[in-house]
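S.K.: Give me a 3D structure for the following:
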Amino acid sequence: MRTAPGRIGVLTLDTLVRLGRGPGGDTLRAPHRITVPEGMTAPLGCDAVAVPAQLGPLVMPRLPRVGCVYADEAHWWWLVPSDSDYALDWPSPSRYATGAIVPDSARIPGLIHRPDGTLPYTPPIPLYLTLCRLTDTPPTWSRPISA
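M.R.: As a prediction, this is how the structure comes out:
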């Protein structure tokens, strides 16, 4: 930040906060939470798994059951029970979102698939294995262990 020609000023935390909240393309976006559709319940809590949009159509037909799926321009999001990342390293380029929070998005992704019944979940193990297969990543439990 320049205060006078040739002099550099100090950026304080207050200045940075005001810059982040100001108008323009460089503003920070607030994270959004994907919500369960009306009439459905999430007794196990909700997390989400995101994959790039081009992989979404490849994942859907490989799953034995598909829960709620949301999409935006960049990603498809599957709702899974909370803590479905326990002891699993979800393969890249998928992203695991605790609490079904969508970071860096201008809006909440739209619902593109709703299952019959009241549970919004896609079973996490078939989803994990499908993503491992599509990304040519060995599942966590089949990787060699180093001493």
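S.K.: how about the helices of this protein, start to end?
M.R.: Assigned by DSSP state H, the helices in the chain fall at 13-21, 56-59, 124-134.
S.K.: list the helices and strands the shortest one packs on?
M.R.: What it means is helix 56-59. With contacts taken as 3 or more Cβ pairs under 8 Å, 6 or more residues apart in numbering; DSSP states H and E, helix 56-59 sits against strand 75-80, helix 124-134. Every residue, glycine included, has its C-beta placed from N, CA and C.
S.K.: what do you get if the cut-off is 10 Å, keeping everything else the same?
M.R.: Packing partners of helix 56-59 (3 or more Cβ pairs under 10 Å, 6 or more residues apart in numbering; DSSP states H and E): strand 47-52, strand 69-71, strand 75-80, helix 124-134.
S.K.: do you know how far Val51 is from Gly110?
M.R.: The gap separating Val51 from Gly110 is 16 Å, by Cβ to Cβ, to the nearest Å.
S.K.: go on, Leu88?
M.R.: From Leu88 over to Gly110 the distance is 27 Å, taken as Cβ to Cβ.
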